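Enquirer: Starting from these lines, generate the structure:
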Amino acid sequence: MCETSFATVETQVGTLTVVVSPRGVRRIALPSDDAERAIRETGARPGPIGAVRGQLEEYFAGTRTSFDVPLDLEGLPPFRTKVLGALQHVPFGEVTTYKGLAVDVDNPGAVRAVGTACARNPLPLLIPCHRVVRSDGHLGRYRGGEDMKRFLLALEGHLE
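Expert: Next up is the predicted model:
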């Protein structure tokens, strides 16, 4: 059986640390995250990360609009898994709101819980939590910071 491995990917927003388990991509640590903690928690060792490297490079080059690598969401709470599943349906170049996402997961009163699920997304970029904005039109928070969220939305053609 293959072991869990990690490698870094250099991007315009900084260094991403990508962890891949035998089941799929398990974690992406943004530059603002504690990459060492992500590695330690998953027991990953330096090694190949498969197709995800190329797909991330294509995304940042502007030639990829979706990802098709396997994801490993094992062990996440059911509500977070449901929110992350709904996030995967937000198309490239479009946004949704925290409230809209709460409605999508059949829990319209769970706007704050949806925000928390987005903030704890273990696979940012692959599961596009940067595409969630506030109902008033403001960007809202993003674990990678406002500048990174703005950059990603601009890369996708949502912002100028």
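Enquirer: Would you enumerate the residues in contact with the closest residue to Phe151 other than its chain neighbours?
Expert: Closest residue in space to Phe151, ignoring its immediate chain neighbours: Val13 at 5.9 Å, by C-beta to C-beta, 6 or more residues apart in numbering. No exception for glycine: its C-beta is placed from N, CA and C like everyone else's. Taking C-beta atoms under 8 Å, 6 or more residues apart in numbering as the criterion, Val13 is in contact with Leu30, Pro31, Phe60, Gly144, Met148, Phe151, Leu152.
Enquirer: how close does the fourth one sit to Thr42?
Expert: Right, the one you point to is Gly144. Separation of Gly144 from Thr42 (C-beta to C-beta, to the nearest Å): 20 Å.
Enquirer: which stretches of the chain aren't confidently modelled?
Expert: 1-2, 160 (pLDDT under 70).
Enquirer: For it, which segments are assigned as helices?
Expert: Ranges of helices in the chain, per DSSP state H, are 35-42, 51-61, 78-87, 98-104, 111-119, 146-155.
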